[in-house]
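S.K.: Here you go, sequence then predicted model.
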Amino acid sequence: MKRLGWRVTGELPAESHFVVIAAPHTSNWDLFYLLGAATALGMRVSWIGKHTLFVGPLGPFFRAIGGIPIDRRRSQKMVEQMVDQFETRDRLNLAIPPEGTRGRSEYWKSGFYWMAYKAQVPVSLGFLDYRKKEGGLGPLVYLTGNVRQDMDEIRAFYENVSGLRPENYGPIRFRDEPAD
């Protein structure tokens, strides 16, 4: 990361299990920089990807670098599957891009929130700020179940973080998030 002109900030949490918000997610380059920042922090990060990424010759490579394939065409109870993963693994640092796409989305997907809340693990505020060429981990957020309050804390952190394609970074809110 340093050779590429990036600065990695933050520290690897002492907790063995946590969900990492991977935001903003506006480019295919995000995975590359996410893995670089994780390596610099000494973190073995796992991530969920479209099952099609794991087909063919690159499948074993993506699995080796922490990928967990998910077929999004199926109704799979993904939150419950990931909660089970937290319960059965000695260590799991699961990076989730809550936008769910590199294109602009008007809502974040709430899966990361419910995975962390139901597994009773904290959320680490992971980030890639292309404007500052800085990435890493911000503070841990221990979810309370008060979605609005928890999301206000998360929104405040990401307020000035810029993705590679800022025009693709939509508002930080859930579709079903309670209003003021």
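M.R.: That came in fine, so what should we check first?
S.K.: if I look at the closest residue to Trp6 other than its chain neighbours, how far off is Pro97?
M.R.: Among residues not flanking Trp6 along the chain, Lys133 sits closest, at 4.9 Å (Cβ to Cβ, 6 or more residues apart in numbering). Every C-beta, even on glycine, is put in place using the N, C-alpha and C of the backbone. The gap separating Lys133 from Pro97 is 19 Å, by Cβ to Cβ, to the nearest Å.
S.K.: Flag every buried residue along stretch 154-165.
M.R.: 154, 157-158, 161-165 (16 or more other Cβ atoms under 10 Å).
S.K.: mind showing which ranges of the protein have poor pLDDT?
M.R.: 72-76, 178-180 (pLDDT under 70).
S.K.: Could I get the full set of strands for this protein?
M.R.: Taking DSSP state E, the strands of the chain run over residues 7-9, 17-23, 46-50, 67-70, 92-96, 123-129, 134-141.
S.K.: Let me have these in JSON lines, adding mean neighbour count as columns.
M.R.: JSON lines is the format used below for the strands of the chain (neighbours: other Cβ atoms under 10 Å):
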{"stretch": "strand 7-9", "mean neighbour count": "16"}
{"stretch": "strand 17-23", "mean neighbour count": "25"}
{"stretch": "strand 46-50", "mean neighbour count": "18"}
{"stretch": "strand 67-70", "mean neighbour count": "17"}
{"stretch": "strand 92-96", "mean neighbour count": "24"}
{"stretch": "strand 123-129", "mean neighbour count": "24"}
{"stretch": "strand 134-141", "mean neighbour count": "19"}
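S.K.: Thanks a lot, see you next time.
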